[in-house]
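Colleague: Have a look; sequence and predicted model below, questions after that.
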Amino acid sequence: MPTVAPLDLDGHCMAAAFLGDVPVFALASGMVHRLDHGTHAHELHDGLLTAARSQDGLSLLSGGEDGKVMRIDRDGTITEIRGPARKWVSVVASGPQGAVAWAEGRQATVRLADGTTRELTEDRTVEAIGFAPKGMRVALARYNGVSLHWVAGSARPVDLEWKGAHSAVTFSPDGRFVVTAMQENALHGWKIDGKPGDEPKHMRMTGYPAKIKSLSWSVKGRWLASSGAISAIVWPFSGKDGPMGKPPLELGLRSDTMVTCVACHPAEELVAIGFADGMVLAVRLADSREALLRRPGKGPISSLSWRADGRLLAFGSETGDCGVIDIAG
């Protein structure tokens, strides 16, 4: 049976993550709590708006109402990447080779490991940033679509147009697809691996009763799990054209409670599903077999993150009801 080590914090948990073996919990207040031979509290922001784990899994990036962009390492070392500014930083993202990106209003900034920066300006507010799995390329989600920019060089960005507000963006692990979450309770995707000059193919993934706030790719990129319904909606991406013409899996169905967060296992085709009542399930994609990881708690699950070996799962909620689950018991 799984065992749960609870951690009761004060406020909305924006991100729960493992930095190496150290679980951390970033709160909207700007405090980050590390569990490393005791609980350690660090104040990173005067109001935290966004946080994302680095691609190497050893640090957490954050942006806040104070305009700062910060990094905290697993040992508690804090680095100020960008100092205080007037505009809020509501988007941060981690890229390959130590790259970091953030957005404020219509401008996105990409900072490389050597300290050089590239500024990218859109006509509308940048709502989300995603790095391509290979090459220094970023996707900027905005109203009416996504712009794909090469960070180096002067090549014109590729515009992926689709009317509506796009609030999240992700590349598939193989780089063949770009998928966004929309304000219109839908996902939209583009197939971008065609020949030069070809129009990207569109993928519409609709039917959600609520906004999609969580997306997670399976370990080999064959599936994309999403929140926003009374079950986790998991789309197939293994074929040439992704999910076009194929129905999704519906995992962890509960008739009265919405899925608020999803996190695919780092080694197995398994997804952790968090619900609005604080429950957490693990469901196997192959046969939909379920395992209860945590009973309902005090508030909606807002973040889920696996340790690299897939044995431990960190969770956070909107009420600060946090903790770590050992799935092996």
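Modeller: Yes, it's here. Numbering: from 1, shown residues only.

Colleague: who's in contact with the most far-flung residue of the chain relative to its centre?
Modeller: Relative to the C-alpha centroid of the chain, counting by Cα atoms, centre = their mean, residue 197 is the outermost residue, at 30.5 Å. For residue 197, no contacting residues are found, by Cβ atoms under 8 Å, 6 or more residues apart in numbering. Backbone N, C-alpha and C define where each C-beta goes, glycine included.

Colleague: begin at 50 from here
Modeller: With 50 as the first residue, the last one maps to residue 246.

Colleague: so which helix or strand takes in it?
Modeller: Under the criterion DSSP states H and E, no helix or strand holds residue 246.

Colleague: I'd like to know how far it sits from residue 207.
Modeller: With the distance defined as Cβ to Cβ, to the nearest Å, residue 246 ends up 11 Å from residue 207.

Colleague: Please apply the same query to residue 96.
Modeller: On the measure of Cβ to Cβ, residue 96 and residue 207 end up 34 Å apart.

Colleague: just residue 358 next, same as before
Modeller: With Cβ to Cβ as the criterion, residue 358 and residue 207 are 37 Å apart.

Colleague: now do residue 316
Modeller: Distance of residue 316 to residue 207, given as Cβ to Cβ: 33 Å.

Colleague: These two: which has the busier surroundings?
Modeller: residue 207 (16 against 12; other Cβ atoms under 10 Å).

Colleague: In three-state terms, label the residue nearest to that one when sequence neighbours are not counted for me.
Modeller: Of all residues beyond its chain neighbours, the one nearest residue 207 is residue 197 (4.2 Å), with distances taken as Cβ to Cβ, 6 or more residues apart in numbering. Using DSSP: H, G, I helix; E, B strand; the rest coil, the structure places residue 197 in strand.

Colleague: burial of the closest residue to residue 235 other than its chain neighbours, as a residue count?
Modeller: Once flanking residues are discounted, residue 235 sits nearest to residue 255: 4.4 Å by Cβ to Cβ, 6+ apart. Neighbour count of residue 255, defined by other Cβ under 10 Å: 10.

Colleague: Same check on residue 208?
Modeller: Residue 208: 12 neighbours (other Cβ under 10 Å).

Colleague: Could you point out which residue ranges in the stretch 50-199 of the chain have low pLDDT?
Modeller: Applying pLDDT under 70 to the stretch 50-199 of the chain flags no residue at all.

Colleague: and the gap between the closest residue to residue 137 other than its chain neighbours and residue 314?
Modeller: Once flanking residues are discounted, residue 137 sits nearest to residue 114: 5.1 Å by Cβ to Cβ, 6+ apart. With distances taken as Cβ to Cβ, residue 114 is found 34 Å from residue 314.

Colleague: More neighbours: which of the two?
Modeller: More neighbours surround residue 314 than the other of residue 114 and residue 314, with 19 against 16 (other Cβ under 10 Å).

Colleague: I figured that one hits residue 359, correct?
Modeller: Yes. Between residue 314 and residue 359 there is a contact at 5.2 Å, judged by Cβ atoms under 8 Å.

Colleague: wait, isn't residue 334 in contact with residue 283?
Modeller: Yes. With contacts defined as Cβ under 8 Å, residue 334 counts as touching residue 283 at a distance of 6.6 Å.

Colleague: More neighbours: the two, which one.
Modeller: residue 283 (27 against 21).

Colleague: Identify the spatial nearest neighbour of that one, chain neighbours not counted.
Modeller: Among residues not flanking residue 283 along the chain, residue 298 sits closest, at 4.1 Å (Cβ to Cβ, 6+ apart).

Colleague: now that neighbour: how far from residue 271?
Modeller: With Cβ to Cβ as the criterion, residue 298 and residue 271 are 11 Å apart.

Colleague: Quickly list what's touching both of those two.
Modeller: Taking Cβ under 8 Å, 6+ apart as the criterion, residue 298 and residue 271 both touch residue 285.

Colleague: Could you count how many residues lie near residue 88?
Modeller: 11.

Colleague: which residues does it bridge with?
Modeller: In this entry, residue 88 is beta-bridged to residue 84, by DSSP bridges.

Colleague: quick one on the thing from earlier: for residue 334 and residue 283, list the residues in contact with both.
Modeller: With Cβ under 8 Å, 6+ apart, residue 334 and residue 283 have common neighbours 272, 298, 300, 320.

Colleague: Return the residues in contact with the second one.
Modeller: Right, residue 298. Counting by Cβ under 8 Å, 6+ apart, residue 298 has contacts 272, 281, 282, 283, 285, 334, 337.

Colleague: Could you verify my assumption that residue 108 touches residue 93?
Modeller: No. Counting by Cβ under 8 Å, residue 93 is not a contact partner of residue 108; they are 11.8 Å apart.

Colleague: between those two, what contacts are shared?
Modeller: Joint contacts of residue 108 and residue 93 (Cβ under 8 Å, 6+ apart) are residue 121.

Colleague: What are the boundaries of the helices in the chain?
Modeller: Assigned by DSSP state H, the chain shows no helices.

Colleague: Dump the C-alpha coordinates for stretch 353-365 into CSV.
Modeller: Output in CSV follows, covering the C-alpha atoms of stretch 353-365 (Å, rounded to 0.1, in the frame of the first residue of the first chain):
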residue,chain,number,x,y,z
LEU,A,353,2.0,16.6,-9.1
SER,A,354,5.6,15.6,-9.7
TRP,A,355,7.5,12.3,-9.8
ARG,A,356,11.0,11.7,-8.5
ALA,A,357,13.3,10.5,-11.3
ASP,A,358,13.1,6.9,-10.3
GLY,A,359,9.3,6.9,-10.2
ARG,A,360,8.9,5.7,-6.6
LEU,A,361,8.0,8.9,-4.9
LEU,A,362,5.3,11.4,-6.0
ALA,A,363,5.1,15.0,-4.6
PHE,A,364,1.8,16.7,-4.5
GLY,A,365,0.5,20.2,-3.6
